[in-house]
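Asks: Everything below, folded, please.
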Amino acid sequence: MIKVAPSILSADFVNLEHDVRSLGKTGVDYVHVDVMDGNFVPNITVGIPVVAAIKRISPLPLDVHLMIERPIRYVSQFIRAGADLLTIHVEADTAEQTRRALEQIRALGAHPSLSLKPGTPAEAVLPYLPLCDMILVMTVEPGFGGQRFMSDMIPKLKAIRGWIDEIKPDCELEVDGGVNIQTASICRENGANVLVTGSAYFHSPAPSAFVRTVKGGLVARS
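Replies: As a prediction, this is how the structure comes out:
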């Protein structure tokens, strides 16, 4: 089953409540929340209070992506704030602390997920795959929305799909960065089943039709 997770990084923050509530009407599956600390990536976005506020109004599970250094420091706070899926980066801490963070996420009742930057080899997920409910492959350099899809990440996506099928078949495979109608089909064909889409979704004149197409269906006629 293909799922769509619009990233609120591309929403209208003046009307964020409206944009979040509207996601429940367009056939999407998750609300993707990008958390950036200005150190791990060169940008600062939302934090724990905003995640908690979104949870109060969200019609869908929160897919919270932590692009922060040493995420184990904040795992419990983000889960208490309402993260249903919580993604940390393999590059953000030591191997021991990364494993501890993934174990803690599950122990606290959320779904653990691990992400890789474009420059990180696919093999980096292997020690952690049995602990994960989702792997997130970045197809842009994390930090800013609206970037162009990096097609050279496709071999990484295919390799991870193969390992998931072999080792953890119930693990989801997510792609984040430059996903639109054209690149979504490439992602689906190479094993992704969760597609994060930002500006392409929020700038679409017909979000419901956009979602159907991204999932592999036909665009509805007006």
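Asks: for stretch 43-50, what is the average pLDDT?
Replies: The average pLDDT within stretch 43-50 is 94.
Asks: So what's the residue count around the nearest residue to residue 22 once chain neighbours are set aside?
Replies: In space, and not counting its chain neighbours, residue 22 is closest to residue 207: 7.6 Å by C-beta to C-beta, 6 or more residues apart in numbering. To be clear about C-beta, it is placed using only N, CA and C from the backbone, and glycine gets the same treatment. Residues lying near residue 207 (other C-beta atoms under 10 Å) number 21.
Asks: ditto for residue 152
Replies: By other C-beta under 10 Å, 9 other residues sit near residue 152.
Asks: coming back round to it: would you mind confirming that the residue nearest to residue 22 makes contact with residue 11?
Replies: No: applying C-beta atoms under 8 Å as the test, residue 207 and residue 11 come out as separate, 11.6 Å apart.
Asks: circling back to that earlier point, so who does the residue nearest to residue 22 touch?
Replies: Counting by C-beta atoms under 8 Å, 6 or more residues apart in numbering, residue 207 touches 22, 26, 201.
Asks: For those, pick the one with the most neighbours.
Replies: In terms of neighbours by other C-beta under 10 Å, the contacts of residue 207 top out with residue 201 at 25 neighbours.
Asks: need the contact list for residue 204.
Replies: So residue 204 contacts residue 210 (C-beta under 8 Å, 6+ apart).
Asks: Name the SS class of it, please.
Replies: coil (DSSP: H, G, I helix; E, B strand; the rest coil).
Asks: Quick one: mean pLDDT over stretch 15-23.
Replies: On average, stretch 15-23 scores 96.
Asks: ok, and for it, which residues are buried?
Replies: Judged by neighbour count (16 or more other C-beta atoms under 10 Å), stretch 15-23 contains these buried residues: 16, 19, 20, 22, 23.
Asks: which ones among those residues are found in helices?
Replies: Taking DSSP state H, the ones among those that sit in helices are 16, 19, 20, 22.
Asks: Among the residues you listed, give me the pair with the biggest separation.
Replies: Farthest apart among these by C-beta to C-beta are 16 and 22. That separation is 10.7 Å.
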